[in-house]
Every structure is written in structure tokens, then in C-alpha cells.
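>>> pasting a predicted model and its sequence here:
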Amino acid sequence: MKHTFTLFLLLLAVPTLFLSSCKQAPAACISSDFIQVPVNTSIRFTSCSDNADRLEWNMGDGSTFTYHTVDKAYTTAGTYTITLTVFNDNDENSDEVTKEIIITP
């Protein structure tokens, strides 16, 4: 009886350990307080992404960053598309999100 119970517990534990070690796909998310700001005003962009081990920001003006939080001031008026791409451990999965920022003169 003791061995049957031990085997039963082992059979329950193995799938649980396997499933808990599976990595979920990342989900990209950008948090920013602003949509429109004047030139030379600092904007803070923060990744609110889930399950991301690595991230890449493209700020729409040629600059890129790999930090969780980016403070950016644009020197030229225009509309910029910010892209955040997030990756899991081995870059097996990725997700991307964009946000437009309008910089006024």
C-alpha cells in the first residue's frame, strides 16, 4: 500500500514539475503618460510586458535601447512610432507593440 501511494504521488508530481517549467510566450506592453509633448520634453516609456527576458526599444528616430525604462526627449517635431519587441529566454518567442508619440514645435 505504501509503495502504491508513493507511486501515485510521483505520477502527480512529474507532470506538475514539467508544466511549471514551461516558459510562456512573452506579451509586449508599453506604459507611457504622454501622447503629445513639445520638443525637448522628456518622456518616460516603461515596459509593462509579461514573460519577457529581453527587450528592444526602437524609438522611431534611429535610437534604440534595451532597458526596462527609457527616458527620451525628441529634438525635432513630428510623429514618431515607438516599437517595443520582447523576447523569451532563447529568443524562441517574441511579441511586438507600437505606440505613436506626437512631438510639437
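All right, it came through fine.
>>> so how far is Thr41 from Ser47?
21 Å (Cβ to Cβ, to the nearest Å). Bear in mind the C-beta positions are built from the backbone N, C-alpha and C, glycine included.
>>> more neighbours: which of the two?
A direct count of neighbours by other Cβ atoms under 10 Å for Ser47 and Thr41 places Ser47 higher, at 19 against 13.
>>> is it true that the more buried one touches Phe87?
No - using Cβ atoms under 8 Å, Ser47 makes no contact with Phe87, being 11.8 Å away.
>>> shared neighbours of these two, anything?
Common neighbours of Ser47 and Phe87, counting by Cβ atoms under 8 Å, 6 or more residues apart in numbering, are Leu55.
>>> pLDDT score assigned to the closest residue to Asn40 other than its chain neighbours?
In space, and not counting its chain neighbours, Asn40 is closest to Ala73: 5.3 Å by Cβ to Cβ, 6 or more residues apart in numbering. Per-residue confidence (pLDDT) for Ala73: 97.
>>> what pairs with Ala73 across the strands?
Ser42 (DSSP bridges).
>>> check contacts around it.
Contact analysis of Ala73 by Cβ under 8 Å, 6+ apart lists 40-43.
>>> just among those, which is most surrounded?
Neighbour max across these (other Cβ under 10 Å) = Ile43, 19 neighbours.
>>> ok, it - contacts?
32-34, 37, 71-74, 101.
>>> ok, which pair from those residues is furthest apart?
Farthest-apart pair in the contacts of Ile43 is Asp33 and Tyr74; separation 15.2 Å (Cβ to Cβ).
>>> the more surrounded of these two?
Comparing Asp33 with Tyr74 by other Cβ under 10 Å, the one with more neighbours is Tyr74, at 21 against 9.
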